[in-house]
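J.: can't give you the sequence, but here's the structure:
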DNA sequence: CCGCGGAGTGTTTTT
DNA sequence: CACTCCGCGG
């Protein structure tokens, strides 16, 4: 273990990496190819600073995704416990902490975070309050409106520009959409709500408008590092700039070939802009790949070469490692694909590669559902990242709603949610009750006057309302522990859950898991804030470090959530035209290119074994479809680098079997419908 | 004014 | 298919 001595960096790093680690002062732009030791460089740069007596709390590590943030922080702490005190996380969580700290200066004493659903609900309320003409048929729905508004903020574009580029059908409504945008903004200020975008906007404003706070923070965070810089947008770049204003000790790391968050306003131009923003930046390139063997990189390089925008780099495996040729597998349908892959995973595990070192990656969450069923059947433990999130499900939000009104009894959206759960209360009645709630000034008063004392009004629901009031009264007691809150809440909510959902048993399990997570908190408001900003992932509960590798779960992940990670074996499933590239990207060249980069990211996750798979039949929209292989693979130079196999399972229920090229002709050049006739 | 049932619509990635 | 929205019966 490296104590106070500086580690022997020259031994641990190649010359380019060494240079990044040693250049601690001034702006540095690192262009790092996939697998080139990006995280390793950050890890050692932090270590080097700390070993040279830099206070770890003056180092700030930022990134866009939660997974990358977690990985970055834990890797740094591996060598030296002092690195545990390094500050960092996602831009959003950092913004939350800073805003909370200075909230009094900003003129609000508390605020609640609106997650995506809440934000849509708030917009929905704004639409309803608005004039009639906005309710006409063609007017965009709340989720679309939220996307338009958010995009205009994150891409720094006007509503009109967003509509022109992404939603030309709604151009006629430009003025009305702008009005909703303004209403929504005012509504949030009114209620003390912050949505995700507000966290970034307000942090930027705070730094821009308040000279002394900007200076204070910039002096405190003397060394700033941003990982996955190609995923940040203008707003985040501005924040980085402001934070570094006093010292310019900013290092950003990124790879323009891995830019996959364009839909959120992320732009690889951010990387190109960096040297302009910080004149005198040192630019260092990391090009040697330590992760994969050459056959895997050959496929990835071939994909890059087929792209319009030419990326100068081409990955070369360190030490010229060679291994097995990646395979391209064809299946009849998603179920057989799932069966085969589950079988192969087991085979690898029996051959000594633990589940933990294997991953199945996909473009969209739903692609993995047949596989999840199959894995459960075979008792293969797995953890799911990305896609549908359990903290966004109705039952979890129902429970959280009850807790939110205790923390902030002005939280109208939460009130509405929990009131509507009461039999006989719909949107009108809940609105009326909220009006009443708004008249009172303490929580106790609300409980007693609105809920418990309401016998005079002999409505169908007054008894249930009283019961709700009693439960809220009980759990709002200051002395009660969080776990006990959940117990009373469950007593009230489980009958509703049973009534409302057919699959209540599964949902009940989720809620038990939620209680476990909450039990780790001593403050309810911290729990709720964390849950909105850095919620836990679904799946197997987080495993202890002491757990043996063989006990750790397999990873199922969207490609987006897999960025920055690596596994011995990677299965990329559903490589179908219309899924990757996803069908709605097809009318825009930039978006197709982004899909292609996404495939590139997926391919470069694999160290030793890489499998790409296609299934021919699927039923989207209730109709049977005949799928074609992803257009990105359908190039002679790509196909030549893949071992093609047709996997047929003539007897479902029996062990899947691979047979080489019998029923289908492996794809050579172009794809024909008749190739799929079996 | 709730809540059910039928019609219509769109389907992704993250904070 | 799954979700939202609208109109009508209770």
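T.: Received, thanks. Every value quoted in this text rests on a predicted model; they were computed, and no experiment measured them. Numbers count the residues shown, from 1 in each chain, chains lettered A, B, ... in the order given.
J.: only C-alpha atoms for contact and neighbour calcs from this point on.
T.: Will do.
J.: Residue A:39: how many residues sit nearby?
T.: The burial count assigned to residue A:39 is 22, neighbours taken as other C-alpha atoms under 10 Å.
J.: from the middle of its chain, how far away would stretch A:380-398 be?
T.: 12 Å (C-alpha atoms, centre = their mean, to the nearest Å).
J.: mean confidence for it?
T.: For stretch A:380-398, mean pLDDT is 81.
J.: and that stretch, is it in reach of DNA strand C?
T.: No: counting by C-alpha under 7 Å from any atom of the strand, DNA strand C is not contacted by stretch A:380-398; separation bottoms out at 9.0 Å.
J.: By mean pLDDT, which helix or strand of chain A comes out lowest?
T.: Every helix and strand of chain A was ranked by mean pLDDT, DSSP states H and E. The lowest is strand A:657-659, at a mean of 38.
J.: what's the closest non-adjacent residue to the residue of the stretch 401-550 of chain A at minimum distance from DNA strand C?
T.: Nearest to DNA strand C, among the residues of the stretch 401-550 of chain A, is residue A:424, at 9.3 Å (C-alpha to the nearest atom of the strand). Closest residue to residue A:424 apart from its sequence neighbours, by C-alpha to C-alpha, 6 or more residues apart in numbering: residue A:461 at 5.9 Å.
J.: Show me the shaky parts of the stretch 401-550 of chain A.
T.: Residues of the stretch 401-550 of chain A meeting the criterion pLDDT under 70: A:453-459, A:536-547.
J.: List, one by one, the residues from it near DNA strand B.
T.: Within the stretch 401-550 of chain A, the positions near DNA strand B by C-alpha under 7 Å from any atom of the strand are A:420, A:422, A:423, A:424, A:425, A:426, A:427, A:428, A:429, A:430, A:533, A:534.
J.: Near the residue of the stretch 151-300 of chain A found nearest DNA strand C, how many other residues are there?
T.: Nearest to DNA strand C in the stretch 151-300 of chain A, going by C-alpha to the nearest atom of the strand, is residue A:180, at a distance of 14.4 Å. Using other C-alpha under 10 Å, residue A:180 is surrounded by 22 other residues.
J.: Could you look up the SS state of it?
T.: Three-state assignment for residue A:180 (DSSP: H, G, I helix; E, B strand; the rest coil): helix.
J.: quick one: the residue of the stretch 401-550 of chain A closest to DNA strand C from residue A:491, how far?
T.: From residue A:424 across to residue A:491, the span is 20 Å (C-alpha to C-alpha, to the nearest Å).
J.: Which one of these two is surrounded by more residues?
T.: residue A:424 (14 against 11).
J.: Could I get the contacting residues of residue A:452?
T.: If you count contacts by C-alpha atoms under 8 Å, 6 or more residues apart in numbering, residue A:452 has them with A:465, A:466, A:467, A:469, A:470.
J.: who touches the longest strand along chain A?
T.: Secondary structure of chain A per DSSP state E: the longest strand is strand A:606-620. Strand A:606-620 has contacts (C-alpha under 8 Å, 6+ apart) with A:291-293, A:296, A:323-334, A:337, A:566-576, A:603, A:624-629, A:676.
J.: What strands line up against it, and which way round?
T.: Strand pairing for strand A:606-620, using DSSP bridges, gives strand A:327-333 (parallel), strand A:567-572 (parallel), strand A:623-626 (antiparallel).
J.: mind checking which of those is nearest residue A:274?
T.: strand A:567-572 (31.5 Å; C-alpha to C-alpha).
J.: Quote the end-to-end distance of stretch A:82-91.
T.: Stretch A:82-91 has an end-to-end distance of 22 Å (criterion: C-alpha to C-alpha).
J.: Show me the helices in the stretch 1-150 of chain A, by range?
T.: Assigned by DSSP state H, counting those that start in this stretch, the helices in the stretch 1-150 of chain A fall at A:9-12, A:15-22, A:38-51, A:66-76, A:91-101, A:116-129, A:142-154.
J.: chain center to stretch A:215-223, what's the gap?
T.: Counting by C-alpha atoms, centre = their mean, stretch A:215-223 comes out at 28 Å from the chain centroid.
J.: Now that stretch: buried residues?
T.: A:215, A:217, A:218, A:219, A:221, A:222, A:223 (16 or more other C-alpha atoms under 10 Å).
J.: Please apply the same query to stretch A:159-172.
T.: A:159, A:160, A:162, A:163, A:171.
J.: elements contacting the helix or strand residue A:493 falls within?
T.: Element membership for residue A:493, per DSSP states H and E: helix A:482-500. Other helices and strands packing on helix A:482-500, by 3 or more C-alpha pairs under 8 Å, 6 or more residues apart in numbering; DSSP states H and E, are helix A:394-407, helix A:462-475, helix A:504-519.
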